[in-house]
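Undergrad: Sequence first, predicted coordinates after that:
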Amino acid sequence: MECDEEYYHVDEPYPPVRVSGANSIYAAQMLSNMGGCVSEMSAATLFFYNELVTETEYNEISVCFHQVGLDEKRHLKIFGRLSMMLGADPRLWCTRCSRKLYWSPAFNRYPKEIKALMRNSIEAKSASIAKYSAQADAIKDPLVTENIRRIIRDEQHHLDIFHLIYSQLRRI
């Protein structure tokens, strides 16, 4: 599955990062997208790990995780900028039971066997898509939802790639 860099990215510009006004509820959701269990930080670090552990035996898959990780970092920055504009301090944390919970590497699972690693990556992408889709449906600020929906398109593209890789591995 030799692919050029463009294959891993959606060929569509990102909208400007803007909000209609401060909103603490939306800000908390963006913080969760940055540093919650299902978050861009979790995805970026998981895919970095996957890139490293697949590098020797599955170099093409390692390249895929590297390229997808670049998008995750871009998403992290978008959610961080949105959280600030909405009125939050853009730390890697989320709110749970009215308390701040900092992001932790323990939020991720780290399988090393290639099929389990790909299944885990598919589950992580699917959870992100479900979370962001629910937010896009609930948030009433069209400037925020425009950014979320653009990120969802990236996530769906990555999920499609992961499914393709997994289906190829199942034949082995």
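TA: All right, it came through fine.
Undergrad: how many neighbours does Leu46 have?
TA: When neighbours are counted by other Cβ atoms under 10 Å, Leu46 registers 22. In this view, the C-beta of every residue, glycine as well, is placed from N, C-alpha and C.
Undergrad: no, scratch that, I was asking about Phe107
TA: The burial count assigned to Phe107 is 16, neighbours taken as other Cβ under 10 Å.
Undergrad: Can you tell me how far it is from Arg96?
TA: Distance, Phe107 to Arg96, by Cβ to Cβ, to the nearest Å: 12 Å.
Undergrad: quick one: Val38 and Val63, what's the gap?
TA: From Val38 to Val63 the distance is 25 Å (Cβ to Cβ).
Undergrad: what about the chain, any weak spots by pLDDT?
TA: Filtered on pLDDT under 70, the chain yields the residue ranges 1-4.
Undergrad: in stretch 121-134, what counts as buried?
TA: For stretch 121-134, the neighbour count (16 or more other Cβ atoms under 10 Å) marks Ser121, Ile122, Ala124, Lys125, Ser126, Ala127, Ser128, Ile129, Lys131, Tyr132 as buried.
Undergrad: contact partners of that stretch?
TA: Stretch 121-134 has contacts (Cβ atoms under 8 Å, 6 or more residues apart in numbering) with 33, 38, 42-43, 46-47, 50, 65, 108, 148, 151-152, 155-156, 158-159, 162-163, 166.
Undergrad: Filter those residues down to just the buried residues.
TA: Using 16+ other Cβ under 10 Å as the burial test, the contacts of stretch 121-134 include 33, 38, 42-43, 46-47, 50, 65, 108, 148, 151-152, 155-156, 158-159, 162, 166 as buried.
Undergrad: Just want the most central residue of the protein.
TA: With distances taken as Cα atoms, centre = their mean, the chain has Glu40 as the residue nearest its mean C-alpha position (4.0 Å).
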